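[1] Below are the sequence and a predicted model for it; my questions follow.
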Amino acid sequence: MSISLNGVTKYFGSDLVLDHVTDEVPQGSLTALLGPSGSGKSTLLRIIAGLEPLNEGYIELDGRDVTKVPARDRNIGFCFQDYAPFRQMTVFDNVAYGLRVQRVPKAQLKAEVEDLLDLVRLEAFADRYPRQLSGGQRQRMALARALAIKPSVLLLDEPFAALDAQVCAELRGWVRSLQRTLGITTILVTHDQSEAMEIADRLVVLNEGRIEQVGTPDSMYDKPANDFVQAFLGPITTLNGVAYRPHDIELCVPGLGTDATVTDVIRLGFEVRVVVENNGIASWVQLTHDEAQRLNPVVGEHVSLRARTGASVASPQP
Amino acid sequence: MKPSRLALRTVVLIYVGALIGVPLVFLFQQAFIHGFGPFWSAMHDPAMDKAIALTAKVSVVAVPLNVLFGVGVSLWIVRHPTRFTRLLDTAIDVPLAISPIIVGLVLELVYAQTGWFGPTLAKLGLHVMFSYPGIVMASIFVSLPLVSRQVIPLLREVGDHQEQTASTLGAGPVRIFFTITMRSITWATAYGVSLTLARVIGEYGAVLIVSGNIALVTQTLTLDIGSNFDNFNNYQGFVGALLLALVSIVLLLILGIARHRERTRNEYLA
């Protein structure tokens, strides 16, 4: 189901949290709402779910205005960052909750819950309580619970923030393929740009309640609309007052670029960071392992820097 | 055992023994000083039986009302915070801070024949002072915060994400209350109920003033015990006191179980 946000505006007291947010989320897409903390991304997610009223604007699902429809009637699956497991219920009862609300007959309910538990690979944990599950298992339970009502839209608030790195990496890929399989329109909120770029096919970058840019991860990394988006989507460094990606700067023959002095060389396996200084301003250059071997920069060496051809710089979109 | 630990344990034992152990033993000893026969007939003292019945009748109304009020107010204060509920949150503790005697006097000031609402209510045939409604009111007043003080911190800690998730799954407010909210505060509420019951059964000062302390009519068990001692009827007083103490011990046991369940439940949160 497609989601359309039209001038969504939200105040907390006198604080403007969302400022006329407008976006069209296509059917079947996986959109990441990306922004620093306090950018309003979680509030926007809660507003779409109907858990928070908005002050101005309206929201449509497949063209139907749902602004005044309460959360319970929106048929939107929502997962909180803490997964909000129903603590006093077993995993089975957690997943069955939405189906019991719909008064699904017992046999059908059992079959559907078992299918969902298979889907999230928790079939062996049906009789456990949430407290007996690991973080990753709780998250999968919360997903199954949300999917049980066959939602038209799935909303995930910081789904991987509470997990350790390895579980997180595993679950990202799994959620991605699950979303593709089910074809369900999904929006996830994250503050982690690498997570957003890895999992989403659409990015919406929010800052201080306003949308800075919308696009595919690739296009936004290469053609950020402004300095904020450029800085938020990846590392930047400055050369002659212009912000560049560190891998878009090259060391060249003296005289062809800006003169600088190498102050440090940091080797991180495949990546090598060369920290340089010109006229008291520090910047850094990212080299591959091979480039570093060939150029062999050493501390104290005088080098020349220039931007590679086709280097991505912030440019306002037409 | 280290000497310091031994000394500490001895001090604690003496302290607890002097305050609780010795009086309790003394109570048993006094109640059974004439053997079982007299104890049994003292148990069937008409004034005491009447008093027990009144205490039961007061508890049966005061405790459920307090639970309804306590859970309702807690939900209001925690889930819909406004400047008013912050005020309410503080005001709810007033009954604990002021002396029960004052509670009784205030109720008298308002509801007595010479009070603000007394005459009006009397015209409607409702006599609050020196009767059952007054005793119930005084009992509710003195135990007002006992349920909400247990429930409020737990509601805060549990948060509203479970409830909101349930609403996205299609559940309405009533279903959410019974399947989610109530299930997380069951033991805290039970704890509050035990505290309320103990307070209602044991209340003396406020009830003394409001009830008028009329034997066989408005005397609760505590008042009956008090008047027995006043009338040099010590033996009957000890039997009543023992009864009251036994009820309190049972309540304490229930409290202990509730608190234990609560603690084990909280460990699951980690």
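    Here it is on my side, so go on. Numbers count the residues shown, from 1 in each chain, chains lettered A, B, ... in the order given.
[2] Can you show me the strands along the stretch 101-250 of chain A?
    Here the stretch 101-250 of chain A has its strands, by DSSP state E, counting those that start in this stretch, at A:153-157, A:185-190, A:202-207, A:210-215, A:237-239, A:242-244, A:249-252.
[3] Can you give the contact residues for the first one?
    It refers to strand A:153-157. Outside strand A:153-157, the residues within contact range by C-beta atoms under 8 Å, 6 or more residues apart in numbering or on different chains are A:1, A:3, A:42, A:45-46, A:48-49, A:61, A:75-81, A:146-147, A:175, A:179, A:184-189. Bear in mind the C-beta positions are built from the backbone N, C-alpha and C, glycine included.
[4] now it and strand A:185-190, what's the angle there?
    For strand A:153-157 against strand A:185-190, the angle between stretch directions is 10 degrees (axes from the mean of the first three to the mean of the last three C-alpha atoms, to 10 degrees).
[5] For the strand or helix carrying residue A:304, which helices and strands make contact with it?
    Here residue A:304 sits within strand A:302-307, counting by DSSP states H and E. With contacts taken as 3 or more C-beta pairs under 8 Å, 6 or more residues apart in numbering or on different chains; DSSP states H and E, strand A:302-307 sits against strand A:237-239, strand A:249-252, strand A:258-268, strand A:271-278.
[6] Buried residues in stretch B:10-23, which are they?
    Buried residues in stretch B:10-23, counted by 16 or more other C-beta atoms under 10 Å in any protein chain shown: none are found.
[7] Equivalent analysis for stretch B:114-129, please.
    By neighbour count on 16+ other C-beta under 10 Å, the buried set for stretch B:114-129 is B:115, B:118, B:121, B:127, B:128, B:129.
[8] Equivalent analysis for stretch A:108-126, please.
    By 16+ other C-beta under 10 Å, the buried positions in stretch A:108-126 come out as A:109, A:112, A:113, A:116, A:117, A:119, A:120, A:122, A:125, A:126.
[9] The first one: what's its closest spatial neighbour, skipping adjacent residues?
    Once flanking residues are discounted, residue A:109 sits nearest to residue A:99: 4.9 Å by C-beta to C-beta, 6 or more residues apart in numbering or on different chains.
[10] In this structure residue B:122 contacts residue B:115, no?
    No. Residue B:122 lies out of contact with residue B:115 (C-beta atoms under 8 Å); the separation is 10.1 Å.
[11] export the strands of the stretch 101-250 of chain A to TSV and tack on mean neighbour count?
    Below are the strands of the stretch 101-250 of chain A laid out as TSV (neighbours: other C-beta atoms under 10 Å in any protein chain shown):
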stretch	mean neighbour count
strand A:153-157	24
strand A:185-190	25
strand A:202-207	23
strand A:210-215	19
strand A:237-239	19
strand A:242-244	17
strand A:249-252	20
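[12] any chance of those in CSV, plus mean pLDDT?
    Formatted as CSV, the strands of the stretch 101-250 of chain A follow (pLDDT from 0 to 100):
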stretch, mean pLDDT
strand A:153-157, 95
strand A:185-190, 95
strand A:202-207, 94
strand A:210-215, 93
strand A:237-239, 86
strand A:242-244, 86
strand A:249-252, 84
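[13] Which positions in chain B make contact with chain A?
    Contacts of chain B with chain A, taken as C-beta under 8 Å from any C-beta of the partner chain, map to B:159, B:161-162, B:164-172, B:175, B:179-180, B:183-184, B:268-269.
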